[in-house]
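Colleague: what follows is a protein structure lacking sequence information:
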């Protein structure tokens, strides 16, 4: 091999040696920090991230990554200071925490699949078949402080005065600027005396003075209509929650019934739980 070939070979070898080593595969087992030899992995970080409230999970990736890592480092260091120092109360608290976590996971599993689209749609069809549309009301009112004021205004209205003009001039609430118009409302949306008065009115009729905790009202019923029944989309969240609750309740009942439970509380005064000497610190 001549000198030029040797020079070229040396250049190639130098170039290869200068290239960065292939990056190691990053997995959940990848260690991101150690604390006194105890490893913290990406899997630890991801589990903690998944337990955070949604608003924290929306943080920029770098801020969230560094924040989670710092928290795990601090927790690990602090936890190590408790080695050999746990009291019986600490141990029992850890047992309860583990029990609660496992129970929650069991219930999550029971709820999974309990509210698929087909089941929600079937429950909606069942529910909607028994629903009747509710009547909605569109009314206006004039609100004043005393019965005497209300009676005087009612006399003016009966004599032909314009309801909306009187509302703008005399009413004491925010609807005054709109001539007293309150818009549409359904059963239960107004205080009881007000609602009872509205229901008793014919369209276009003005009530006698009605007292509520807000003052004295003159109420005019403008219009009524039958409310549309809720759509599947509008009820999906409610029905999903109902199906989840039923699945969870059924799983709790079935699991508890299948367990060999022996209660030995006979003769124990429930007030004993107030006694802090039950657990040694």
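Modeller: Yep, it's here. Quick caveat: nothing in here was measured; it's all calculated off a predicted structure.
Colleague: please identify the helix or strand for the closest residue to residue 180 other than its chain neighbours.
Modeller: Excluding the flanking residues, the one nearest residue 180 by Cβ to Cβ, 6 or more residues apart in numbering is residue 167, at 3.1 Å. (Glycine included, C-beta is placed from N, CA and C.) Following DSSP states H and E, one finds residue 167 within helix 163-170.
Colleague: quick one: buried residues of that helix?
Modeller: Neighbour-count burial for helix 163-170 flags 163-164, 166-168, 170 (criterion: 16 or more other Cβ atoms under 10 Å).
Colleague: the strands in the stretch 51-200 of the chain, which residues?
Modeller: 135-144, 181-185 (DSSP state E, counting those that start in this stretch).
Colleague: which strands and helices lie in contact with the first one?
Modeller: When you say that, I think you mean strand 135-144. helix 147-158, helix 163-170, strand 181-185, helix 192-200, strand 215-226 (3 or more Cβ pairs under 8 Å, 6 or more residues apart in numbering; DSSP states H and E).
Colleague: turn the ones you listed into a markdown table, including mean pLDDT and distance to residue 263.
Modeller: Below are the helices and strands packed on strand 135-144 laid out as a markdown table (pLDDT from 0 to 100; distance: least, Cβ to Cβ, whole Å):
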| stretch | mean pLDDT | distance to residue 263 |
| --- | --- | --- |
| helix 147-158 | 98 | 63 |
| helix 163-170 | 97 | 66 |
| strand 181-185 | 97 | 52 |
| helix 192-200 | 97 | 46 |
| strand 215-226 | 97 | 54 |
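Colleague: would you mind finding the most buried of the ones you listed?
Modeller: Comparing the helices and strands packed on strand 135-144 by mean neighbour count (mean count of other Cβ atoms under 10 Å), strand 215-226 ranks first with a mean of 19.
Colleague: what angle do that strand and strand 135-144 make?
Modeller: On the basis of axes from the mean of the first three to the mean of the last three Cα atoms, to 10 degrees, strand 215-226 is oriented at 160 degrees to strand 135-144.
Colleague: and strand 215-226, what does it pack onto?
Modeller: strand 135-144, helix 147-158, helix 192-200, strand 210-212.
Colleague: so that strand versus strand 181-185, what angle?
Modeller: 50 degrees.
Colleague: residues making contact with strand 215-226?
Modeller: Contact with strand 215-226 is made by 133-147, 149-150, 153-154, 157, 163, 172, 180-181, 184, 194, 197-198, 201-211, as judged by Cβ atoms under 8 Å, 6 or more residues apart in numbering.
Colleague: please state the offset of it from the chain centre?
Modeller: 35 Å (Cα atoms, centre = their mean, to the nearest Å).
Colleague: before we move on, back to that, the helix holding residue 167 vs helix 147-158, what angle?
Modeller: Computed by the same axes, to 10 degrees, the angle separating helix 163-170 from helix 147-158 equals 150 degrees.
Colleague: surely the residue nearest to residue 180 is in contact with residue 140?
Modeller: Yes: the criterion here is Cβ atoms under 8 Å, and residue 167 meets it with residue 140 at 6.5 Å.
Colleague: got any residues that touch both of those two?
Modeller: 175, 179-180.
Colleague: what's the closest of the residues you listed to residue 241?
Modeller: Taking Cβ to Cβ as the measure, residue 241 lies nearest residue 175 of the shared contacts of residue 167 and residue 140, at 35.0 Å.
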